[in-house]
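J.: build me a model:
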Amino acid sequence: ITRLDVNVYNYTVFSSCETCQVGTQRILRAQQIPENSVALLRSMKGTHFTARGARTFHTRGRDPLLQGNLGFPMVRMWVFRQIIATLVIVAYVSAVDDRSRLDVYESTKADNEQYRNAPAKTLAAPKQPNIVIIHADDVGYGDLACYGHPTSSTPHLDKLAAEGMRMTQFYSAAPVCSPARAGLLTGRFPISIGVYCANNTDACTNPEQSGLNGPCCNGVFLPGMPGGVATTTITIADVVRAAGYRTAHVGKFHLAGDNEEHSPLNYGFDEYFGCPHGVGACPLGACFCSAEPCAIAGSPSWAPCPLYANRSIVLQPLDLRALGTQVRDASVSFIQRSQQSRQPYFLYHASHHAHSPQFAGIDTTNTTLRGRFGDSLAELDLSVGTLVQAVKAAPGDETIVWFTSDNGPSLRNEERGGNAGPFRCGKGTTFEGGFRVPSIVWWPGRIAAGSVERGMVASLDIFPTLLELTAVAKPASAKLDGVSAAQLLTGKGLSERTGFVYYPQMAQRSRGYFAARAGPWKAHWALQGSLQCGARPRDTVCGPQQPYTRLDVPLVFNVELDPGEQYPLNVTSPQYAQGLAAATAVARAHEATVYWYPHPLLNAGSFNISLQGCCNPGCSPFPSCCKCGQPPPVCVTDSDDTGFGNIPRYMDVEPLH
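T.: This is a model prediction of the structure:
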């Protein structure tokens, strides 16, 4: 656990185990090992000790400064006792049970609170690059024109790819919204921050059934559910804000229900504007500037969708035909104000497009060959163009723009549900269609224009990658499960990611991971279909007809030769043995180091409609009385702006191509 390297004059704590890492730091503090003691330890060339569950303790080389009179027996005996005492405690820490892990979590929680409450630094020149993450909703690998769709209209995203890097093997952290978004913002496996279900729970047939430890699980947070991701969890926003960045979140949050305790402002963001949950979780009016009704009814008995500006609900119910404009203008306003302040900024723009029910305003309704899904996707594309144009208005700034999606397409909505491209199944499953999503990274002058990256990268890697690209230090209390892709993006190296582990929509500790990938090989140890792929999919393994099944003989695919996972390898072939061994090694390494948060937050308490956001708390009759704000003009081309500063109207944005 502790390695001392005499080639450098310090000591470093190494551990892949969160518990051991914190425990070792406690040991070093408790033993109060002084610097001269470290020097003494350096002199013990070739000495090896092992402890249960610990790695070898060793020194290497010879330090010329340590060739003096350091061989006295008393000194050696003192050093030996210090090492033995340390390793006995380390051996105990490495064998702790889950209750001890809870103690470690509480310690880390306190460290995180102290870090978040520290004052932000004032940056010195040169100014660090700005960061814009654009997170789409339910946009599949095959939905964009630059990824091969024949009738999608996405000229701004296509231009972004032409000026930046398009990735072909990019993985979301999860196959559904809440865990995927939590994984991106924290760089942690969703299970490590509690976004998973209680054991022995299956998908709810009615979202209001979800309760404490059962009887079912929705797989995501819904308004009316208590709790959410712990506000002490360190996010990208926390870290860059402490380094002097302005931070804002615009759009869908979904790391909690709809409650004040879990506002995005409690996760490192200076500003928030948007609807925190999916717009299908409320009564729906019109979705397009046409007489056509919304594709789904939403949840008519729930509170109307609220629109927040920081902690206040400024409009309820929101109007989907104006929402795209409102969030777009809010993001542009934040960019412009940050440019004027000459302060670097981080914008997390999380779009509701193109999740069902699809919606769009006047500019993209009836404008594409792809129907309503295409119109919704076109409004997302227009937002991308608007934001990039705002970024380019400050030519002296450097800005990293990273576009991706939270999971694969919702095939249950058929032609209005997105496209997984060549991959099998879609949202909610552990086949490639659930996890493989588009990803485009733009940084002019730093990332080669028109480049295509075929190495593995995951949304878990965005956090550590941005830290390296911006030269922002990772706080000691933050553990990240991703790896940096900075060298890959800048053309200086290859992807550090060689494997990936897949958890299902209803992740739970008793079932663990379902699949793992190592290089070209992917093995499935368990299968479970999802309603997100439709009640009657043509491929029955994708839908609810496929119950949870632990496979006696794992399925193994070569996903480089067979990306659609249509042709499992013959179990008697040498390729099967090679692939299974490689994938098993990745899975076992993950299993040995992964940390499960002590409590499954997706079953943290019973559904309670009174917990849904309402601009008139205590009003009656609830929830229909939750109405406030001036409805914005919709479906007109000469409307005023939405009140977020002097922003050019979105229909006047100059195309990028």
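J.: rest of the way, CA atoms for contacts and neighbours
T.: Noted.
J.: check contacts around the residue nearest to residue 237 when sequence neighbours are not counted.
T.: Counting by C-alpha to C-alpha, 6 or more residues apart in numbering, residue 237 lies nearest to residue 268, which is 4.8 Å off, once chain neighbours are set aside. Residues counted as contacts of residue 268 (C-alpha atoms under 8 Å, 6 or more residues apart in numbering) are 116, 235, 236, 237, 238, 239, 241, 247.
J.: please repeat the previous calculation with a cut-off of 10 Å.
T.: By C-alpha atoms under 10 Å, 6 or more residues apart in numbering, the contact set of residue 268 is 116-117, 231-242, 246-249.
J.: same deal with residue 215?
T.: Residue 215 neighbours (C-alpha under 10 Å, 6+ apart): 198, 199, 200, 201, 202, 203, 204, 209, 603, 606.
J.: ok, it to residue 256 distance?
T.: Distance of residue 215 to residue 256, computed by C-alpha to C-alpha, to the nearest Å: 19 Å.
J.: also residue 582?
T.: 36 Å.
J.: who's more crowded, these two?
T.: residue 256 (28 against 20; other C-alpha atoms under 10 Å).
J.: quick check: that one vs residue 560, distance?
T.: 36 Å.
J.: equivalent analysis for residue 397, please.
T.: Taking C-alpha to C-alpha, one finds residue 397 at 39 Å from residue 560.
J.: likewise for residue 137?
T.: 26 Å.
J.: quick one, which of the two is more surrounded?
T.: The neighbour comparison of residue 137 against residue 560 (other C-alpha under 10 Å) goes to residue 137, with 27 against 13.
J.: report pLDDT for that one.
T.: Note on residue 137: pLDDT of 97.
J.: what does residue 201 give?
T.: Predicted confidence (pLDDT) for residue 201: 82.
J.: count of neighbours near the closest residue in space to it that isn't next to it in sequence?
T.: Nearest non-adjacent residue to residue 201, counting by C-alpha to C-alpha, 6+ apart: residue 216, 4.7 Å away. For residue 216, the count of nearby residues is 25 (other C-alpha under 10 Å).
J.: assign residue 403 to helix, strand or coil.
T.: Recorded secondary structure, residue 403: strand (DSSP: H, G, I helix; E, B strand; the rest coil).
J.: ok, residue 440 next?
T.: The three-state label given to residue 440 by three-state DSSP is strand.
J.: name the element the closest residue in space to it that isn't next to it in sequence belongs to?
T.: Spatial nearest neighbour of residue 440, excluding adjacent residues (C-alpha to C-alpha, 6+ apart): residue 166 at 4.6 Å. Assigned by DSSP states H and E, residue 166 belongs to strand 165-167.
J.: make a ChimeraX selection of the buried ones in the contacts of residue 215.
T.: Listed next is the ChimeraX selection for buried residues among these, using 16 or more other C-alpha atoms under 10 Å:
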select :198,199,201,202,203,209,603,606
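J.: and which of the contacts of residue 215 is nearest residue 612?
T.: Checking those against residue 612 by C-alpha to C-alpha gives residue 606 as the nearest, at 12.9 Å.
J.: wait, the closest one touches residue 210, no?
T.: Yes: if you go by C-alpha atoms under 10 Å, residue 606 and residue 210 touch, sitting 6.0 Å apart.
J.: can you pull the residues that touch both of these two?
T.: Common neighbours of residue 606 and residue 210 (C-alpha under 10 Å, 6+ apart) are residue 225.
J.: and stretch 558-571, what's buried?
T.: Buried residues in stretch 558-571 (16+ other C-alpha under 10 Å): 558, 559, 563, 564, 565, 568, 569.
J.: give the contact list for the closest residue to residue 253 other than its chain neighbours.
T.: If the residues on either side of it in the chain are set aside, residue 253 comes closest to residue 276, at 4.6 Å by C-alpha to C-alpha, 6+ apart. When contacts are counted by C-alpha under 10 Å, 6+ apart, residue 276 touches 222-223, 250-259, 262-264, 305-308, 350, 352, 613.
J.: how about 7 Å then?
T.: By C-alpha atoms under 7 Å, 6 or more residues apart in numbering, the contact set of residue 276 is 251, 252, 253, 254, 258.
J.: would you mind measuring from the closest residue to the last one other than its chain neighbours to residue 467?
T.: What it means is residue 258. Distance criterion C-alpha to C-alpha, 6+ apart; nearest residue to residue 258, sequence neighbours excluded, is residue 223 at 4.9 Å. Using C-alpha to C-alpha, we find residue 223 at a distance of 32 Å from residue 467.
J.: between the two, which is the more surrounded one?
T.: Taking other C-alpha under 10 Å, residue 223 and residue 467 do not tie; residue 223 has more neighbours (25 against 17).
J.: are we agreed that the more buried one is in a strand?
T.: No: secondary structure of residue 223 (three-state DSSP): coil, not part of a strand.
J.: against residue 390, how distant is it?
T.: In terms of C-alpha to C-alpha, residue 223 sits 33 Å off from residue 390.
J.: flag the shaky bits of the stretch 551-657 of the chain, pLDDT-wise.
T.: For the stretch 551-657 of the chain, the stretches with pLDDT under 70 are 637-657.
J.: can you rerun that using 50?
T.: Residue ranges of the stretch 551-657 of the chain with pLDDT under 50: 639-657.
J.: would you map the helices across it?
T.: Applying DSSP state H, counting those that start in this stretch to the stretch 551-657 of the chain gives helices spanning 574-593.
J.: and the helices in this protein?
T.: Using DSSP state H, the helices of the chain run over 18-31, 35-42, 73-94, 98-116, 155-163, 177-186, 236-242, 320-341, 371-392, 432-435, 462-470, 486-489, 574-593.
J.: give the pairing partners of the strand ranked longest in the chain; include direction for each.
T.: Across the chain, the longest stretch assigned as strand under DSSP state E is strand 549-558. Taking DSSP bridges as the criterion, strand 549-558 pairs within the sheet with strand 521-527 (antiparallel).
J.: gap between the partner strand and the chain center?
T.: From the chain centre to the centre of strand 521-527 is a distance of 23 Å (C-alpha atoms, centre = their mean, to the nearest Å).
J.: what do you get for stretch 588-602?
T.: So, by C-alpha atoms, centre = their mean, the centroid of stretch 588-602 is 16 Å from its chain's centroid.
J.: how about that stretch: buried residues?
T.: Neighbour-count burial for stretch 588-602 flags 590, 594, 595, 596, 597, 599, 600, 601, 602 (criterion: 16+ other C-alpha under 10 Å).
J.: what does stretch 489-509 give?
T.: Of the residues in stretch 489-509, those buried (16+ other C-alpha under 10 Å) are 489-490, 494-497, 499-508.
J.: contacts made by it with the rest, please.
T.: 174-176, 196-199, 202-203, 219, 428-430, 446-447, 455-457, 483-485, 487-488, 513-519, 586-587.
J.: distance check, the spatially most central residue of the chain against residue 407.
T.: With distances taken as C-alpha atoms, centre = their mean, the residue of the chain nearest its centroid is residue 184 (1.7 Å). Distance from residue 184 to residue 407, counting by C-alpha to C-alpha: 11 Å.
J.: same check on residue 632?
T.: From residue 632 to residue 407 the distance is 31 Å (C-alpha to C-alpha).
J.: quick check on those two: which one has the bigger neighbour count.
T.: When neighbours are counted by other C-alpha under 10 Å, residue 632 and residue 407 differ, and residue 407 comes out ahead with 32 against 17.
J.: for the residue nearest to that one when sequence neighbours are not counted, grab the count of nearby residues.
T.: Counting by C-alpha to C-alpha, 6+ apart, the nearest residue to residue 407 once its immediate chain neighbours are dropped is residue 175, at 4.9 Å. Look at residue 175: counted by other C-alpha under 10 Å, it has 33 neighbours.
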